[in-house]
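Sequence plus predicted model, see below.
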Amino acid sequence: MSRIPRYWESAIRSESALPGEKLYAVWKVKNEMTGLPLISILLILFGHPALVQGADKNKISWEKVAEVFQGGLVQVKVSGPDLAEVEGRMGSERIYFYSYGPHAFRAIVGADVEAKPGVAKIFLRLTGRDGVQHKRELSLRIKAKAFRQESFNVPPGFDQMTSETLEEIRREQTAFARAFAASAPERLWDAPFVRPVPQEASASSFGSRRIINGTPRAPHSGTDLSAPAGTEVVAANHGRVVLVGNFFFAGGSVVLDHGGGLFTMYFHLSEFKVQDGDLVNKGDVLALSGATGRVTGAHLHWGARLAKARIDPMELLTQMSAEEPPIGARNITPNEMEK
Ligand SMILES: [Zn+2]
């Protein structure tokens, strides 16, 4: 089990969970590279070409409109020759921007699988090295996605909750809430993300609306990968293990915190290879897949969460370009972090 350096723990503690289910974003970046006046801001959205360019008398330019599907991700790049500090807010949630090249910063923004289609405002506050602040707005257009609908039955035991079962479910909810309560402010991941198992996604895909034993349920908040029991499940990226446990619905579970409000989840596992608190690298084996929890067969349920939004983890594979240099050009290893 790896130890987290003191500076990191104090940073994590300062990141208290904020109330509210609304998708929102706050981002804040300290740029150590100073020297030139603030000239421009540029926001670029990858994979979403419908952009509206904004510019004003302060020569700040940015994309006024970003588009994202329910359950999707969008990357936002900010650049400016003397960008000292940048903050953003959507509702009251945080999104973190990271240094990306000499004058560039980047963040990823996600829309919850059940986010209401429409336009959400992201408020930007840009501070130049001269201390002058500029306020701008970005409209995030959330577009509806046509998700599958499926009906199936599970054994009655899963529906007829005894007080013992309800207690188990409460324990599960509490454990996950605790795991998600704080995220490292430091970005631990770098592009690209990797598949946790080699297998492809099954037909039971992300976002599908499920009718179980005739009753509509919450949408499927992950992607099911049809891994046979005993398949090695690897970390999709570098991160810290923030939950290892066995639960009623999720079965054997591992949750990774990748920093900046991004988590990935691995459910229905049969055997753990990591412990709570471990720092792992991309590709490290976390566990073996299985058929634990509420399942009808062996598979890996892979989930992702960004700033409280439940997003399709496959978006991490498709939206995080492999050829882009790593943000901050830094690859943290557990050994480095122990220094
Ligand atoms: Zn699943």
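All right, it came through fine. Because the structure is predicted, anything quoted here is derived from the model rather than measured. Residues are numbered from 1 along each chain as shown.

for the ion, what are the nearby residues on this protein?
Within the chain, the positions near the ion by Cβ under 5 Å from the ion are 222, 224, 301. To be clear about C-beta, it is placed using only N, CA and C from the backbone, and glycine gets the same treatment.

can you tell me which of those residues lies nearest to the ion?
residue 301 (3.3 Å; Cβ to the ion).

tally of neighbours for that closest one?
Residues near residue 301, counting by other Cβ atoms under 10 Å, number 26.

What score does it have for pLDDT?
Per-residue pLDDT puts residue 301 at 96.

So it: helix, strand or coil?
strand (DSSP: H, G, I helix; E, B strand; the rest coil).

hang on, isn't residue 237 packed against residue 282?
Yes: at 4.8 Å, residue 237 counts as touching residue 282 under the criterion of Cβ atoms under 8 Å.

can you list residues touching both of those two?
189, 190, 193, 194 (Cβ atoms under 8 Å, 6 or more residues apart in numbering).

what about residue 237 and residue 282, which has more around it?
Set side by side, residue 237 and residue 282 show more neighbours around residue 237, with 24 against 18, by other Cβ under 10 Å.

which residues touch stretch 194-202?
Contacts for stretch 194-202 (Cβ under 8 Å, 6+ apart): 223-227, 231-237, 264, 266, 282-283, 286, 289, 299-300, 302, 314, 317.

hmm, 10 Å instead?
Residues from elsewhere that reach stretch 194-202 (Cβ atoms under 10 Å, 6 or more residues apart in numbering): 222-228, 231-237, 254, 256, 264-266, 282-283, 285-287, 289, 297, 299-300, 302, 312-314, 316-317, 322.

Buried residues, that stretch. List them.
Within stretch 194-202, the residues that count as buried by 16 or more other Cβ atoms under 10 Å are 195, 196, 197, 199, 201.

How about the secondary structure of the first one?
The three-state assignment at residue 195 reads coil, by three-state DSSP.

Model confidence at it, what's the number?
Residue 195 carries a pLDDT value of 94.

Likewise for the fourth one?
At residue 199 the predicted local confidence, pLDDT, stands at 84.

how close does it get to the ion?
Distance, residue 199 to the ion, using Cβ to the ion, to the nearest Å: 13 Å.

The last one now?
To the ion, residue 201 is 10 Å away according to Cβ to the ion.

One more: the third one?
Distance, residue 197 to the ion, using Cβ to the ion: 13 Å.

who touches the closest residue to that residue other than its chain neighbours in this structure?
Of all residues beyond its chain neighbours, the one nearest residue 197 is residue 227 (4.3 Å), with distances taken as Cβ to Cβ, 6 or more residues apart in numbering. Residues in contact with residue 227 (Cβ under 10 Å, 6+ apart) are 196-199, 202, 233, 268, 288-290, 298-302.

do residue 301 as well
204, 220-225, 227, 249-251, 253, 265-269, 289, 293-295, 313.

Could you check how many residues crowd around the nearest residue to residue 208 once chain neighbours are set aside?
Nearest residue to residue 208, sequence neighbours excluded (Cβ to Cβ, 6+ apart): residue 148, at 4.0 Å. Neighbours of residue 148 under the rule other Cβ under 10 Å: 14.

contacting residues around residue 148?
Taking Cβ under 10 Å, 6+ apart, one finds 203, 204, 205, 206, 207, 208, 209, 210, 219, 220 in contact with residue 148.

Residue 249: which element?
When elements are assigned from DSSP states H and E, residue 249 belongs to no helix and no strand.

Low-confidence ranges, the stretch 151-300 of the chain, go.
For the stretch 151-300 of the chain, the stretches flagged by pLDDT under 70 are 157-159, 202-204.

All the helices of it, residue numbers only.
163-180 (DSSP state H, counting those that start in this stretch).

need the strands for it, in chain order.
Counting by DSSP state E, counting those that start in this stretch, the stretch 151-300 of the chain has strands at residues 209-212, 215-216, 222-225, 232-234, 239-247, 251-259, 262-272, 279-280, 285-289, 300-306.

I'd like to know which of the ones you listed lies nearest to residue 139.
Of all those, it is strand 300-306 that lies closest to residue 139, at 19.0 Å by Cβ to Cβ.

What strands line up against that closest one, and which way round?
Paired with strand 300-306 in the same sheet, following DSSP bridges, are strand 222-225 (antiparallel), strand 262-272 (antiparallel), strand 309-311 (antiparallel).

Buried ones in the shortest one, by neighbour count?
Think strand 309-311. Result for strand 309-311 [16+ other Cβ under 10 Å]: buried residues 309, 310, 311.

Quick check: bridge partners of residue 125?
residue 87, residue 135.

Neighbour-wise, which one of the contacts of residue 148 leads?
Ranking these using other Cβ under 10 Å puts residue 206 first, with 25 neighbours.

Find me whatever residue is spatially closest to it, sequence neighbours aside.
Nearest one to residue 206, counting by Cβ to Cβ, 6+ apart, is residue 312 at 4.1 Å.

Provide a list of residues in contact with that neighbour.
Residue 312 sits in contact with 69-73, 110, 113, 145, 201, 205-207, 220-223, 302-304, 318-319, where contact means Cβ under 10 Å, 6+ apart.
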